[in-house]
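In: Whatever this is, show me its structure:
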Amino acid sequence: LQEWLATRLDSLPQGARHLADPGFKLLSHCTEKTNAPASPKTWQQVFAAFGLTLSLVETGCCGMSGTYGHETRNAATSKTIYAQSWQPKVEAPENAGRLLATGYSCRSQVKRFSCHTLQHPLQALLAQLKTTSPSHLNNMHREP
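Out: As a prediction, this is how the structure comes out:
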């Protein structure tokens, strides 16, 4: 998704480039970081095109790994892995409302163990667009 969006940045309406910036932070899915290492930086480019900051947070695996963390035999290990890397960052007060996560499994793990809901980067971007000016969304779908 971010790769496609990055190819469309030149067609953004000029007004869409100046949004209120809460200073988002990205927690990337570990498989995505391994298999598509440019992905986090591409998300940064997309956010920057809208005048938004997106910091990359260093994390390891969240411990879910698809359905791994849901399996009874893996539950304790899954929780331990989450506690070692993601949990301190997710539960840090200074990150409240600023963290985004690309992986569905990662977002599920955060909800499961920290009772927080993290948005996907696209959800956060759309929310910023709607908050700042609903008219920008009407112009976004048009091809140049």
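
In: Mind checking the pLDDT average for the longest helix along the chain?
Out: Longest helix in the chain by number of residues (criterion: DSSP state H): helix 75-91. Average pLDDT, helix 75-91: 95.

In: Helix or strand next in line after it, which one?
Out: strand 99-101 (DSSP states H and E).

In: next helix or strand past that following strand?
Out: helix 104-114.

In: low-confidence ranges in the protein?
Out: 13-18, 132-144 (pLDDT under 70).

In: residue furthest from the geometric center of it?
Out: residue 73 (29.0 Å; C-alpha atoms, centre = their mean).

In: Would you map the strands across the chain?
Out: 24-27, 54-56, 99-101 (DSSP state E).

In: mind listing what the second one pairs with, with the direction of each?
Out: For strand 54-56, sheet partners with direction are given as strand 24-27 (parallel), following DSSP bridges.

In: and the strand it pairs with, how far from the chain's centre?
Out: Relative to the mean C-alpha coordinate of its chain, strand 24-27 is positioned 6 Å out (C-alpha atoms, centre = their mean, to the nearest Å).

In: Make residue 1 into 35 and carry on from there
Out: Happy to do that; since the first residue is 35 now, the last one works out to strand 58-61.

In: buried stuff in that strand?
Out: Under the neighbour-count criterion of 16 or more other C-beta atoms under 10 Å, strand 58-61 has 58-61 buried. Backbone N, C-alpha and C define where each C-beta goes, glycine included.

In: Need the contact partners of it.
Out: 74, 77-78, 81, 86-91, 93, 96, 120, 123-124, 129, 132-136, 140, 152, 155, 158 (C-beta atoms under 8 Å, 6 or more residues apart in numbering).

In: Just to check, residue 66 is in contact with residue 137?
Out: Yes: if you go by C-beta atoms under 8 Å, residue 66 and residue 137 touch, sitting 6.6 Å apart.

In: Common neighbours of the two, please.
Out: Counting by C-beta under 8 Å, 6+ apart, nothing touches both residue 66 and residue 137.
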